[in-house]
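**Q** okay, here's the prediction I keep looking at, along with the sequence it came from:
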Amino acid sequence: MSLTDWINKGRLKSPWVVHFDCGSCNGCDIEVLACLTPLYDIERFGILNIGNPKHADVLVVTGTVNHRNKTVLKNIYDQMPGPKAVIAIGACGLSGGVFREAYNVVGGVDKVIPVDVYVPGCPAKPESIIDGVVKALEVVKAKLGLA
Amino acid sequence: MTSKFLFALVLVVAAPFVGGLITGIDRKITARLQSRFGPPILQPFYDVLKLLGKDRMVVNLWQALCPVVYLVSSALCVFLFGLQHDLLLIFFVLTVGSVFLVMGAMAAPSPYSQIGAQRELLQMLAYEPLLILVFVSFSMVTGSFKIADVYAYGKPLLPQLPLMFIVLGYVLTIKLRKSPFDISACHHAHQEIVRGVLTEYSGPGLALIEIAHWFDVVLVLGLCSLFWSTSWLGVAILLACTYFLELVIDNITARMTWRWMLKNALGVGLALSVLNIVWQSFNN
């Protein structure tokens, strides 16, 4: 195995997640944090909830994007060093949800930054959020040309 | 002399692997203590490999340089330990490394990074006098600051310096970034102010800091092993018990404030050191 192979192995085994709440009702955020509890224990997959975009590999976004926070979202995305992936969580993150026609709402997360994986639900279940991260790893795998 | 040199060289090559493995076991046991399953034991290596492969994002030249100096100085400390060199020299090299870690954090204007750097300096202020006192007590027993003379002494130091071992325990807890002293950068993936000093480091720079941390783990455990330098079994028992106790303390205590750390670590540490050194000098 060459060094690149080792690094790619590490990339697939250690996705560090930064979570940004784009103005959701906190339903999805509670489910994201539930993944950290002993019941789901995402650390067994090497997933860590990191509070710093500079350390993170995966950006997890919940809630609707509005004109106020779209710059913040873009800023956080730009601060993450590549290779990186983005997961949109919940009905609001996917499309704006029930708020999609409100005057201040831009829409889903993909209106501002490229999204790799969509996790539906209102709120999304912890199981499906973990599935979303696993799916994001497949996307990264394909981007690296390993799949 | 050549055999010592070769041993030191082997130690420097093996230290990151040993340190990474200890960190992995640490994470596993911590998870079990919290009734979680925990990551694989090789997880720290996956993390570092991944970080090495991330894009470079440096704020300025200082920030790129500082992790390298930190890593070199930590590796040099382990090398000097393998050579059974002077304890004071190891202390100074260790300090230089920590200062560069702080300088790298100060090189970025982010408030979290700045405050983390200040808190790291306070941690150094707490553990460095204690470390020096441990070395002084070694020299009072063996008559020199050389590690070789500790090995030549022929008897375990623990019965004569029991309180100094507790003082070294304080240093170990601060240096391993464990609760209640994890105030500048927690060992676990906590957020914001408790990852302070690491905030602005990313990608390969963060990987180098993590590898340097593994060297530090090996060095501090090596210093602990000097207390029972006469038998391998003694060293193994002593280190296993000490490290497990560290894990338990990490899991049952909360993070305290830096004021409490200064008062507690320095106050209790200095008192224990004075007691032990006075008792030791009457004993002789």
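**A** Great, that's in hand.
**Q** for the rest of this, base every contact and every neighbour count on C-alpha atoms.
**A** Will do.
**Q** just checking, what's the longest helix in chain A?
**A** In chain A, taking DSSP state H as the definition, the longest helix is helix A:126-143.
**Q** tell me what it is packed against?
**A** In this structure, helix A:126-143 makes packing contacts with helix A:3-13, helix A:27-34, strand A:85-89, strand A:117-119, judged by 3 or more C-alpha pairs under 8 Å, 6 or more residues apart in numbering or on different chains; DSSP states H and E.
**Q** ok, and which of the ones you listed has the densest surroundings?
**A** Among the helices and strands packed on helix A:126-143, the stretch with the highest mean neighbour count (mean count of other C-alpha atoms under 10 Å in any protein chain shown) is strand A:85-89, at a mean of 27.
**Q** what does whichever helix or strand comes after that strand contact?
**A** Using DSSP states H and E, the helix or strand that follows strand A:85-89 in sequence is helix A:90-95. With contact meaning C-alpha atoms under 8 Å, 6 or more residues apart in numbering or on different chains, helix A:90-95 is reached by A:24, A:28, A:61-65, A:88, A:97-100, A:107-110, A:118-124.
**Q** from residue A:140, how far out is the residue most central in space within chain A?
**A** In chain A, the residue lying closest to the centroid (C-alpha atoms, centre = their mean) is residue A:60, at 2.1 Å. Using C-alpha to C-alpha, to the nearest Å, we find residue A:60 at a distance of 15 Å from residue A:140.
**Q** and chain A, which residues reach chain B?
**A** Within chain A, the positions adjacent to chain B are A:6-11, A:13-14, A:38-39, A:41, A:43-46, A:48-52, A:54-55, A:81-83 by C-alpha under 8 Å from any C-alpha of the partner chain.
**Q** about what we covered before: which residues touch the helix or strand in which the residue nearest to the centre of chain A is found?
**A** Per DSSP H and E, residue A:60 falls inside strand A:58-62. Defining contact as C-alpha under 8 Å, 6+ apart, one finds that strand A:58-62 is touched by A:15-24, A:28-29, A:53, A:77, A:84-90, A:92-93, A:109.
**Q** just give me the neighbour total for residue A:35.
**A** Neighbours of residue A:35 under the rule other C-alpha atoms under 10 Å in any protein chain shown: 20.
**Q** just residue B:199 next, same as before
**A** Neighbours of residue B:199 using other C-alpha under 10 Å come to 27.
**Q** same deal with residue B:198?
**A** When neighbours are counted by other C-alpha under 10 Å, residue B:198 registers 27.
**Q** which among the residues of chain A next to chain B end up buried?
**A** A:7-11, A:13-14, A:38, A:41, A:43-46, A:48-52, A:54-55, A:81-83 (16 or more other C-alpha atoms under 10 Å in any protein chain shown).
**Q** any idea how far apart the tips of stretch A:21-31 sit?
**A** Terminal residues of stretch A:21-31 are spaced 12 Å apart (C-alpha to C-alpha).
**Q** what do you get for stretch B:80-90?
**A** End-to-end distance for stretch B:80-90: 7 Å, by C-alpha to C-alpha.
**Q** now stretch B:98-114
**A** 15 Å.
**Q** what number of residues lie near the closest residue to residue B:153 other than its chain neighbours?
**A** Distances taken as C-alpha to C-alpha, 6 or more residues apart in numbering or on different chains place residue B:142 nearest to residue B:153, at 6.2 Å, with adjacent residues excluded. By the measure other C-alpha under 10 Å, the count of residues near residue B:142 is 20.
**Q** ok, now residue A:134?
**A** Neighbours around residue A:134, by other C-alpha under 10 Å: 17.
**Q** what does the stretch 1-150 of chain B put close to chain A?
**A** Going by C-alpha under 8 Å from any C-alpha, the residues of the stretch 1-150 of chain B near chain A are B:34-40, B:43, B:45-50, B:52-57.
**Q** any quick ChimeraX command for the buried ones out of the residues you listed?
**A** In ChimeraX, this line selects whichever of those come out buried by 16+ other C-alpha under 10 Å:
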select /B:36,37,38,39,40,43,45,46,47,48,49,50,52,53,54,56,57
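**Q** from the residues of the stretch 1-150 of chain B next to chain A, which ones fall inside helices?
**A** Those of the residues of the stretch 1-150 of chain B next to chain A mapping onto helices are B:43, B:45, B:46, B:47, B:48, B:49, B:50, B:52, per DSSP H.
**Q** would you turn these into CSV with pLDDT?
**A** Output for these, formatted as CSV (pLDDT from 0 to 100):
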residue, pLDDT
B:43, 93
B:45, 94
B:46, 93
B:47, 92
B:48, 93
B:49, 93
B:50, 92
B:52, 91
